[in-house]
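Visitor: Only the shape, not the letters, is given here:
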């Protein structure tokens, strides 16, 4: 195992290289206000981040990643365009797997740029690929934007689309919702009675949720019950799309085929194709680069376009050595009315050294 | 040295545990006065009784400071991540039954399932500008259960007692708590979600995987297990 000093030295080298590429070095504080992170990720973040409290500052978290504070900083007073780099520790609680590190060093590179997003994607990916050097790693890419486009394009109600969109990052729930909207789940007797206006409660109101909210939900349930089911054909198409997992050229051919029946994904597929060309220009061997439509769906839910990760081929037990992706929507959520396309990635120098020792 | 047996220090759980051991020829009792937290063991040599709060027994087992302990499944699962690695269930004792459930106001006629809860949580956040609050003391179990079910947009608020009352007091919109008969829930105008059963719990005798034993203690331990099996 590399020592802390070795890891820090490696991190400095990586960061210096990112600075040479034009990135400004930033150092967000380790203590982050818990509220922002809770607002973004919900309760799940409590299982993954260390929460501490301060009588003046309120609940604080040991930073679980750099992206959120870097986006906040950029949205508050960043130049446009801008490139940032950082190196430092992040903290993750590990309740399930004690072999995973609960504190480790990350080095990151983030690009905030409006023009030519395909090239920004390729820039980040190629830079990280180059920094990994000759290590035995294999990259997987994906694109959450394709999945979002397919949901947008479904021939169904907006309420259903919104619900599916909310659960893009929870694959099992996403699947269950789709099947329900396709009419594959029986309606319970009590639900039938509710829709017929025959199920009421004479219990008093307790709590903050009011009658008008219950009425609105029942109305939405009635609208949903009257809406035609999502067709079997659409269900199959979404299933086929999620199964796309192949080297870039083959994956793109499959996506093009699917877009004949799913015209809504045409612009998103075009972005994948543009990115492929941009990656090729930067010297990436796109013919062997994997594209997996499901990739990135179970990670932290802010990536909404390009996603990628590098894993060690010789050490499947290790977490990814580098991960990243595009998070345009995050800049919107944290931007107070402003937004800017953004993409970035992080590397783990500690794991890189561990792999080097193996060699 | 002796084999240490941790038992809840008061109430029905303690009495029922004493009865359970007594039926197997081992007499447990509190030493001295009602207020003294020391215990005596008769019917087997080399075992000492440690009276503890039921909530502390999981921690003591995991730390190896006691060899055996009686406490609820709910507390072991809540307080010990990867509990399978630190304790083994020796016997379910057949009392102290309690289910950890999710309950919502009875007037929520539109909420019967976790699917409904998720939809309502999303709508609630839009209307109120904050997440729907669930009062509980079982943070880990509830969070894991809801993650598995794909429910989002809720917030857990801590409630160490009188949890059923938090909804009427508007410090939470719903609760996750243990119930045995459901009477307290009904009295507080709450109903159980149909698929919201998080855990069925009962008093259980656990053996620590981490507590050290020497040769003499090993004999006692085996003898004790033989009596209880």
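Guide: Now that the structure is in, tell me what you want to look at. Model, not experiment: these values are computed from the prediction. Numbers count the residues shown, from 1 in each chain, chains lettered A, B, ... in the order given.
Visitor: Point me to the helix or strand that includes the residue of the stretch 51-200 of chain A found nearest chain B.
Guide: Here the residue of the stretch 51-200 of chain A nearest chain B is residue A:173; by Cβ to the nearest Cβ that distance is 2.7 Å. No exception for glycine: its C-beta is placed from N, CA and C like everyone else's. In this assignment (DSSP states H and E), residue A:173 forms part of helix A:171-181.
Visitor: List the contacts of that helix.
Guide: Residues from elsewhere that reach helix A:171-181 (Cβ atoms under 8 Å, 6 or more residues apart in numbering or on different chains): A:156, A:160, A:163-164, A:167-168, A:185, A:229-230, A:235, A:238, A:294, A:297-298, B:115, B:118, B:149-150.
Visitor: try it again with 6 Å
Guide: With contacts defined as Cβ atoms under 6 Å, 6 or more residues apart in numbering or on different chains, helix A:171-181 is touched by A:160, A:163, A:164, A:167, A:230, A:297, B:150.
Visitor: The fourth one and residue A:51, how far apart?
Guide: Okay, so that is residue A:167. Here the criterion is Cβ to Cβ, to the nearest Å. By it, residue A:167 lies 25 Å from residue A:51.
Visitor: higher neighbour count, these two?
Guide: residue A:167 (23 against 14; other Cβ atoms under 10 Å in any protein chain shown).
Visitor: where does the more buried one fall, phi/psi-wise?
Guide: phi -110, psi 20 (degrees, to the nearest 10).
Visitor: Just give me the longest strand of chain B.
Guide: Criterion DSSP state E: the longest strand present in chain B is strand B:190-201.
Visitor: picking up where we left off before, off-centre distance for the helix holding residue A:173?
Guide: Chain-centre distance of helix A:171-181: 19 Å, with Cα atoms, centre = their mean, to the nearest Å.
Visitor: quick one: the strands in the chain?
Guide: No chain in the question, so chain A it is. Assigned strands in chain A, in chain order: A:24-25, A:31-33, A:51-54, A:58-62, A:82-91, A:103-112, A:137-143, A:245-247, A:290-292, A:306-312, A:322-326, A:342-347 (criterion: DSSP E).
Visitor: look at chain B instead
Guide: Assigned by DSSP E, the strands in chain B fall at B:3-8, B:27-30, B:39-42, B:47-52, B:68-72, B:87-92, B:98-105, B:132-136, B:154-158, B:174-179, B:190-201, B:203-208.
Visitor: Return the most buried member of those strands.
Guide: Between the strands of chain B, strand B:68-72 has the highest mean count of neighbours, a mean of 27, where neighbours are mean count of other Cβ atoms under 10 Å in any protein chain shown.
Visitor: List of residues touching that one?
Guide: B:5-7, B:17, B:54, B:57, B:61, B:96, B:201, B:203, B:205-207.
Visitor: That strand: partners in the sheet, and parallel or antiparallel?
Guide: strand B:3-8 (parallel), strand B:203-208 (antiparallel) (DSSP bridges).
Visitor: follow-up on the earlier one: least confident of the strands of chain A, on average?
Guide: Lowest mean pLDDT within those: strand A:51-54, a mean of 88.
Visitor: do that strand and chain B meet?
Guide: No. Strand A:51-54 stays clear of chain B (Cβ under 6 Å from any Cβ of the partner chain), getting no nearer than 10.9 Å.
Visitor: Pass me the low-pLDDT residue ranges in chain A, would you?
Guide: Within chain A, the ranges that satisfy pLDDT under 70 run A:299-301.
Visitor: Distance check, residue B:192 against residue B:127.
Guide: Going from residue B:192 to residue B:127 by Cβ to Cβ gives 24 Å.
Visitor: Ok, residue B:13 next?
Guide: Noted for residue B:13: a distance of 42 Å to residue B:127, by Cβ to Cβ.
Visitor: higher neighbour count, these two?
Guide: Set residue B:13 next to residue B:127 and count neighbours by other Cβ under 10 Å: residue B:13 wins out with 19 against 13.
Visitor: Spatially, which residue comes closest to the more buried one, not counting chain neighbours?
Guide: residue B:96 (5.6 Å; Cβ to Cβ, 6 or more residues apart in numbering or on different chains).
Visitor: What residue spans form the domains of the chain?
Guide: All of this is about chain A. Domain assignment for chain A by automatic domain parsing gives A:1-135, A:156-231.
Visitor: looking at chain B here, not the other one
Guide: What automatic domain parsing lists as the domains of chain B is B:3-97+B:202-228, B:98-201.
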